[in-house]
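Enquirer: I'll drop the sequence and a predicted model, then ask my questions.
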Amino acid sequence: MTVGISGLGDHIGVWLRFVSNAISQSFARKVEEKGVTVAEWALMRALFDSEAAPPSKAAEQLGMTRGAITKLADRLIGKGLLIRRADPDDGRARTLALTARARRLVPELAALADENDAAFFGDLPAKERARLERLLKSIVARRGLKHIPID
């Protein structure tokens, strides 16, 4: 190491990225085996708790543009996992709703997310895991981070 110049391993961000990339890539492979991308999974999960929602609500929840939601929705419609229909209260507006097949798939994908977390963090003692989660959430809150990372 050159005196006065920090090395890559001296940065917490490098270690966070190291772990984050491994977690993300592992999860992406798992959901892709089920025929969806991580971004598609995020939209499906966001819609799971309601019968139907306007694209603007999903965009706000996921921190994405309405255009990005439209592109994801189009892909999911093509896969038979999403329906776009007229809003019953405003015929000009549209809502997004999961198909029955998607409603069966979301719990499977959530289980994969749980398994992925367990694979990476399951060997941490409960107190350490809770502390890590608190620290990360604290950083997110202090920095005002709002967008759910999906890529």
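Expert: Cool, got the structure.
Enquirer: ok, Leu112 touching Val36?
Expert: No - taking Cβ atoms under 8 Å as the definition, Leu112 is not a contact partner of Val36, at 10.5 Å. The C-beta positions use only the backbone N, C-alpha and C, and glycine is treated the same way.
Enquirer: what number of residues lie near Ile23?
Expert: 15 (other Cβ atoms under 10 Å).
Enquirer: In which helix or strand does it reside?
Expert: helix 12-32 (DSSP states H and E).
Enquirer: Arg84 too?
Expert: Using DSSP H and E, Arg84 sits in strand 82-87.
Enquirer: what packs against that strand?
Expert: helix 38-48, helix 66-78, strand 90-98 (3 or more Cβ pairs under 8 Å, 6 or more residues apart in numbering; DSSP states H and E).
Enquirer: Quick check: the gap between Pro88 and Arg129.
Expert: Applying Cβ to Cβ, to the nearest Å, the value for Pro88 to Arg129 is 44 Å.
Enquirer: what about the helices and strands packed on strand 82-87, which gets the closest to Asp117?
Expert: Evaluated over those, closeness to Asp117 peaks at helix 38-48, with 13.9 Å, by Cβ to Cβ.
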